[in-house]
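S.K.: Model the structure of this input:
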Amino acid sequence: MKSATFNQLMIFQAIVQQGTIRGAARKLELTPPTVSQTLKQLEQHLGLPLFHRTTRRIELTEAGQQLYQQITGAVATLDFALESVRGLSERPSGKVSITLPRFAYQFFLKPVFAEFCQRYPDVQLEISVSDEAVNILNKGIDVGIRFGDRVEPGMVARQLTAPMREALFASPDYLTRYGIPDNPEELQQHRLVQYRFMASNQLAPLSLHNDGQTTLVQMPLAMIVNDTDAMLDAAAAGLGIGRMVTPMVEQGFSDGTLVPVLESFWMPMSGLYLYFVQNSQKAARVRVLIDYLVEKGRLHHGAS
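M.R.: Below is the predicted model of the structure:
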């Protein structure tokens, strides 16, 4: 019996990742009828439907789910292998995508991505900013940046920055009005500018480091934000005590608009890591982005 083709499996994978036939067509730069016909051929070959179709969206059947789980890594490996051979005689070109949380974009990527685009004019960079822990293999994204080196099987992690700490800080005006807390217990007499994760809709727990132990702290809230700029703005305006990883507040400490609070209790945190699918660096467009970000990461290993 004739086997399913690589092209059919690649198109099937794109439909899953994009959620619609039209979305897969856009991603692959094909027409929707071509994508739909290829899917129909694959289903005829397997003798099973791969999707439940509705008027607005298509959902995987049990067979479709099983096929997707089994082919995802293999299709990516084959795609990177083919691309690496095609790229031997060419300059890096094509689209390369990256996902990262807003903090990592502001602190690490924002200052350097324009230089990458200028260095590799034939590579189209796509940046997705999200605080969600993204499985890039399932989402069809090339690389990601996150805290820590714990990644899914089949992934590789490369360190970009030194470890950090989560700082507590407030404006001079706030501390003049409400006093400077000397210990974690005194935080109950203060108000916190709290952070909410957009992806999970959960409030970020506030932890302090005390004699080698981690202590979870509950504080009255001044306000809740889901953006790092808003966090800094609220603290600078004297509304409460803010919390942020150290690189984001160093400028405020230097110019005096923000003052460190309870520094000896700040929670240590991992540095930022770049993660990507094993063998994906064989594709020139992915390899040059990985090498570039690791190169820029060396500049940050002295971060506090």
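S.K.: what helix or strand is Pro92 on?
M.R.: When elements are assigned from DSSP states H and E, Pro92 belongs to no helix and no strand.
S.K.: what about the nearest residue to it once chain neighbours are set aside, neighbour count?
M.R.: Distances taken as Cβ to Cβ, 6 or more residues apart in numbering place Ala284 nearest to Pro92, at 4.0 Å, with adjacent residues excluded. Yep, even glycine has a C-beta here, placed from its N, CA and C like the rest. The local packing of Ala284 (other Cβ atoms under 10 Å) involves 22 other residues.
S.K.: what are the phi and psi angles of Ala284?
M.R.: The phi and psi values for Ala284, taken as degrees, to the nearest 10, are phi -60, psi -40.
S.K.: starting at the chain centroid, how far to the helix or strand harbouring Leu232?
M.R.: Using DSSP H and E, Leu232 maps to helix 228-236. Relative to its parent chain, helix 228-236 has a centroid offset of 21 Å by Cα atoms, centre = their mean, to the nearest Å.
S.K.: State the next helix or strand along the chain beyond that helix.
M.R.: strand 242-245.
S.K.: what residues are up against the residue nearest to Tyr68 when sequence neighbours are not counted?
M.R.: Setting aside the residues directly before and after it, Tyr68 is nearest to Val16 in space (Cβ to Cβ, 6+ apart), at 5.2 Å. If you count contacts by Cβ atoms under 8 Å, 6 or more residues apart in numbering, Val16 has them with Leu60, Gly64, Tyr68.
S.K.: can I assume Tyr292 is in contact with Phe116?
M.R.: Yes - with the criterion set as Cβ atoms under 8 Å, Tyr292 and Phe116 qualify as a contacting pair; they are 5.1 Å apart.
S.K.: Can you show me the helices along the chain?
M.R.: With DSSP state H as the definition, the chain shows helices at residue ranges 6-18, 21-28, 32-46, 62-86, 102-104, 113-119, 136-139, 172-178, 228-236, 250-255, 284-297.
S.K.: between those helices, which one is nearest to Val129?
M.R.: The closest of these to Val129 is helix 102-104. By Cβ to Cβ, the value is 5.3 Å.
S.K.: gap between the closest one and the chain center?
M.R.: Between the mean C-alpha position of helix 102-104 and that of its chain there is a distance of 8 Å (Cα atoms, centre = their mean).
S.K.: can you check stretch 93-103 too?
M.R.: From the chain centre to the centre of stretch 93-103 is a distance of 8 Å (Cα atoms, centre = their mean).
S.K.: ok, and what's touching that stretch?
M.R.: 83, 87, 108-109, 122-131, 134, 136, 139-146, 227-228, 244-245, 248, 284-286, 288-289.
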